[in-house]
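> Quick one, structure for this:
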Amino acid sequence: MARPDTKSFGLLRAWPSAALLALALSACMSSSEPPVDDTTQVPPAASDDPATSGEYPVGTGPDPVLPEPDESALPVVEIAPAVGWPENAQPAPAAGFAVTAFARGLDHPRTVTVLPNGDVLVAEANKPEAPGTPGPKQLAMNAVQKRAGAGVPSADRITLLRDADGDGVAEERHVFLDGLTSPFGVALVGDTLYVANADALVRVPYAEGATSIDATPEKVADLPAGRNHHWTKALVASADGSRLYVGVGSNSNIAEHGMEEEVDRAAVLEVDPATGAVRNYASGLRNPTALAIHPHDDALWAVVNERDEIGNDLVPDYLTSVREGAFYGWPYSYFGQHVDTRVEPRAPDLVARAIAPDYGLGSHVAPLGLAFYAGDALPARYREGAFIGLHGSWNRKPKVGYSVVFVPFSGGRPSGPIETVLGGFVNDRGDAQGRPVGVAVDGRGGVLVADDVGNAVWRLQPAGAGAR
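Okay, the predicted model is just below:
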């Protein structure tokens, strides 16, 4: 399949030194405002089309209305400083739900994976050390990330949690696999466990009920590494287990380091686990942070973090099916064929075949988790719908995200407006007590949520149902 031009190019305009310095200082920027719930911000009715009639909140749904870009000299920086949860505090569930602490005291938990026997694997990780000397902009962004709670060392391990008595709280905790390299995606296929490190896909043998693995991980395939502007590597197996899919983010915002650093990035890669062969399955997805197989038709879906620095309401992050051979626009265009004029040289041939994603989630909400609901503990309307962890914005004022949301599905397609099901991660002073990341559905039908600032895994279930 064709892929973006690999010629080196930069931004249409360079950042002035004063702006870079101001951005570095902005690591201390935050306000006392909690995030707005954009799932309640509905635009005025414009037509009888449900995609534009006001049914969908701003920046969300199958056909969100996009404003004109706002290319200010200095991007908006609005941070929720990470403070963690006060003792016995927890996030706030929506009406009809209850939440409990499945586990606390973890170390920057990022993803959760439920094994067939009910055990839960938690990848505890942060970004790896970057090679070389960071430039001014990267130093500024490092300061922003540290302020937001991402400045901790990487634990580089997977922890196993076990709730043997079914009370919704894990009473056992074991170091399952350590010595990894910023692990993120985890997938079990038969008796083989695959882990997507920041630099490679590896595997280890797994026996049901094991609480630790001593085997040295075997490399299946190298993954794009190096600068690792986006280090997380999402992972899911096809329904039949014959193929693995890895989400690899871009090495930049809009390819400002040149396209030679973007080979097999901003893409979903397909890996043959038998041979280790890798091919580019779909491209132009700036940062596909979570992948899932839909239970209706075994289709591959992803949530994607879009580009920054062109306004509060651009560009919507999104949920989309991932089609083989498809190009989704990055860096040349966004949400289909909206050209990003900052990128030079342009690529009109690629823009002409860029397809729009299926469903906008709102601009800068930072989706990092995706799970389709196949349980039976929640009401029938949640069946086969998508639970999504929104890590929260830094490039928007007021803040958005910092919540877990639900998108209903029917017939394998999104079928209604986005709904917030778990919030309260940011307190009334504008501080982040927690930030949701990965989500998963456990064997009893509860929804597990990794919280990398609160160092916890939360369990969402129907109100009054009790653990079972």
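> can you pull the buried residues of stretch 245-257?
Buried positions in stretch 245-257, judged by neighbour count with 16 or more other C-beta atoms under 10 Å: 245-257. The C-beta positions use only the backbone N, C-alpha and C, and glycine is treated the same way.
> nope, stretch 108-117 is what I was after
For stretch 108-117, the neighbour count (16+ other C-beta under 10 Å) marks 108-115 as buried.
> And stretch 298-314, by the same measure?
Neighbour counts over stretch 298-314 (16+ other C-beta under 10 Å) mark 300-314 as buried.
> just those residues now: which is nearest Ala155?
Closest to Ala155 out of these is Asn305 (22.8 Å), distances taken as C-beta to C-beta.
> Which residue is the nearest non-sequential neighbour of the closest one?
Using C-beta to C-beta, 6 or more residues apart in numbering and skipping residues adjacent in sequence, the residue nearest Asn305 is Asn287, 4.0 Å away.
> List phi and psi for that neighbour.
Dihedral pair for Asn287: phi -150, psi 90, per degrees, to the nearest 10.
> Isn't it up against Gly249?
Yes. Asn287 is within contact range of Gly249, at 3.5 Å (criterion: C-beta atoms under 8 Å).
> Which residues are in contact with each of these two?
Common neighbours of Asn287 and Gly249 (criterion: C-beta atoms under 8 Å, 6 or more residues apart in numbering): 230, 232, 266, 305.
> Contact partners for the third one?
Contacts for Ala266 were tallied using C-beta under 8 Å, 6+ apart; they are 248-250, 283-287, 330-331.
> Recalculate using a threshold of 10 Å.
Residues in contact with Ala266 (C-beta atoms under 10 Å, 6 or more residues apart in numbering) are 3-4, 224, 230, 247-252, 255, 259, 282-288, 304, 328-331.
> Could you tell me the model confidence score at it?
Looking at Ala266, its pLDDT stands at 98.
> Find the nearest non-adjacent residue to it, please.
Using C-beta to C-beta, 6+ apart, the nearest residue to Ala266 is Ser250, at 4.1 Å.
> Please tell me I have it right and that neighbour contacts Asp308.
No. Counting by C-beta atoms under 10 Å, Ser250 stays clear of Asp308, with 11.4 Å between them.
> and for the two, which residues touch both?
Arg286.
> The residue lying closest to Asp178 once chain neighbours are set aside and Ala82: what is the separation?
Take Asp178 and drop its neighbours on the chain: the residue closest to it by C-beta to C-beta, 6+ apart is Arg157, 3.8 Å away. Distance, Arg157 to Ala82, using C-beta to C-beta, to the nearest Å: 21 Å.
> Who has more neighbours out of the two?
Ala82 (21 against 17; other C-beta atoms under 10 Å).
> how about the buried residues of stretch 245-257, which pair is most distant?
Spanning the widest gap among the buried residues of stretch 245-257 are Tyr245 and Glu256, at 27.3 Å by C-beta to C-beta.
> At which residues are the helices of this protein located?
Using DSSP state H, the helices of the chain run over residues 17-25, 136-145, 348-352.
> Let me see the mean pLDDT of the second one.
Model confidence over helix 136-145 averages 59 on the pLDDT scale.
> wait, what's in contact with Ala440?
111-114, 120-122, 186, 292, 369-371, 387, 389, 446-450, 457.
> one more time with 6 Å, if that's ok
The contact partners of Ala440, by C-beta atoms under 6 Å, 6 or more residues apart in numbering, come to 112, 114, 371, 448.
> cool, Val204 as well?
Counting by C-beta under 6 Å, 6+ apart, Val204 has contacts 193, 213, 215, 217.
> Among these, name the buried ones.
For these, a burial check counting by 16+ other C-beta under 10 Å picks out 193, 213, 217.
> Mind jotting down where the strands sit in the stretch 301-450 of the chain?
In the stretch 301-450 of the chain, the strands defined using DSSP state E, counting those that start in this stretch lie at 316-321, 333-334, 338-339, 359-363, 367-372, 386-390, 403-407, 409-410, 413-414, 419-423, 436-441, 447-451.
> Figure out which of these is closest to Ala465.
Among those, the nearest to Ala465 by C-beta to C-beta is strand 447-451 (12.3 Å).
> got a list of contacts for that closest one?
So strand 447-451 is contacted by 109-110, 112, 387, 404, 434, 436-442, 457-460 (C-beta under 6 Å, 6+ apart).
> One more pass at 7 Å, please.
102, 109-112, 120, 122, 387, 389, 404, 422, 434-442, 457-460 (C-beta atoms under 7 Å, 6 or more residues apart in numbering).
> any idea how far Ser393 is from Leu66?
Ser393 is 17 Å from Leu66, where distance means C-beta to C-beta.
> Which of those two has more residues huddled nearby?
Between Ser393 and Leu66, counting by other C-beta under 10 Å, Ser393 is the more crowded of the two (27 against 18).
> Isn't Pro295 up against Phe372?
Yes. At 5.8 Å, Pro295 counts as touching Phe372 under the criterion of C-beta atoms under 7 Å.
> Could you list the low-pLDDT ranges of the stretch 51-200 of the chain?
By pLDDT under 70, the weakly predicted segments of the stretch 51-200 of the chain are 51-54, 73, 130-151.
> and Pro357, what does it touch?
Pro357 makes contact with 304, 318, 320, 328, 335 under the criterion C-beta under 7 Å, 6+ apart.
> again with Val189
Residues near Val189 by C-beta under 7 Å, 6+ apart: 237, 241.
> circling back to that earlier point, okay, the contacts of Val204 in JSON lines with distance to Ala94 next?
Output for these, formatted as JSON lines (distance: C-beta to C-beta, whole Å):
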{"residue": "Leu193", "distance to Ala94": "34"}
{"residue": "Ile213", "distance to Ala94": "38"}
{"residue": "Ala215", "distance to Ala94": "42"}
{"residue": "Pro217", "distance to Ala94": "40"}
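> Neighbours of the nearest residue to His174 once chain neighbours are set aside, how many?
Using C-beta to C-beta, 6+ apart and skipping residues adjacent in sequence, the residue nearest His174 is Thr211, 4.1 Å away. A count of nearby residues for Thr211, using other C-beta under 10 Å, gives 12.
> need the contact list for Thr211.
With C-beta under 7 Å, 6+ apart, Thr211 has these contacts: 160, 174, 176.
> one more time with 8 Å, if that's ok
So Thr211 contacts 160, 162, 172, 174, 176 (C-beta under 8 Å, 6+ apart).
> From those, list the buried ones, please.
160, 162, 176.
> Could you pull up the residues touching the most centrally placed residue in the chain?
Geometric centre of the chain, nearest residue: Leu368, 1.6 Å, by C-alpha atoms, centre = their mean. Residues near Leu368 by C-beta under 8 Å, 6+ apart: 110, 232, 289-290, 303, 305, 389-391, 436-438.
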